[in-house]
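> give me a model of this one.
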Amino acid sequence: MSPHRDELIACSIKLLDAVKDMTPGTQVEQWLNATHGPGSAIYDRLARLIKAGIEEGWAANIEVDGRRYRRSRICEPCAETFNFSITAVYMDSKDRYRGQYHAHPYGELNLVVPVDAGARLAGPNGWCGAGWTAPAPGSHHYPEVEGGAVIALFFLPAGRISYNITPPVESAA
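Next up, the predicted model:
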């Protein structure tokens, strides 16, 4: 195991201790951005560590759609992580790229780390550069990125995510 991976998990546990009794959604997203957003010790440390994980090959190392869309589970839900899983996703697109449609049965907390200046990830409250998104329980979407590469470090209560959901039919407007 990489020392950076161990450090990322330990730092994540400190964060998860603070959010373990919160329900993901708009209020939690606002709180995370106000208290643990870019420039904070936790955000900056997690961003540095997940970038190291990408460079070292242990984070977001499983291709979903070639090199531009990769992910990997870093830690399964366990007592130490307050039953959250920790997963890394790497998405890259100069224009706009859409990943796999999925649902969040218990919500999700996403640390968004742009690799390229101007890169951003679509969240439930619009586009997010550096910062946090927190889709609420029962939410579902296509993850989308534009403007370059983004790493998302996401924390799932009970490790729950569903890729077995039918996306809505889009109108041809």
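
> how about the helices of the protein, start to end?
Secondary structure of the chain (DSSP state H): helices located at 3-19, 26-36, 41-56.

> which one, of those, ends up nearest to residue 141?
helix 26-36 (14.1 Å; C-beta to C-beta). Heads up, the C-betas are built off the backbone N, CA and C, glycines and all.

> got the buried residues for the closest one?
28-29, 31-33, 36 (16 or more other C-beta atoms under 10 Å).

> of those, which is the nearest to residue 166?
residue 29 (26.2 Å).

> any idea how far the nearest residue to residue 5 once chain neighbours are set aside lies from residue 76?
Nearest residue to residue 5 in three dimensions, chain neighbours excluded: residue 58, at 5.5 Å (C-beta to C-beta, 6 or more residues apart in numbering). To residue 76, residue 58 is 15 Å away according to C-beta to C-beta, to the nearest Å.

> for residue 159, same thing?
For residue 159, the distance to residue 76 - C-beta to C-beta - is 6 Å.

> shared neighbours, these two?
Common neighbours of residue 159 and residue 76, counting by C-beta atoms under 8 Å, 6 or more residues apart in numbering, are residue 85.
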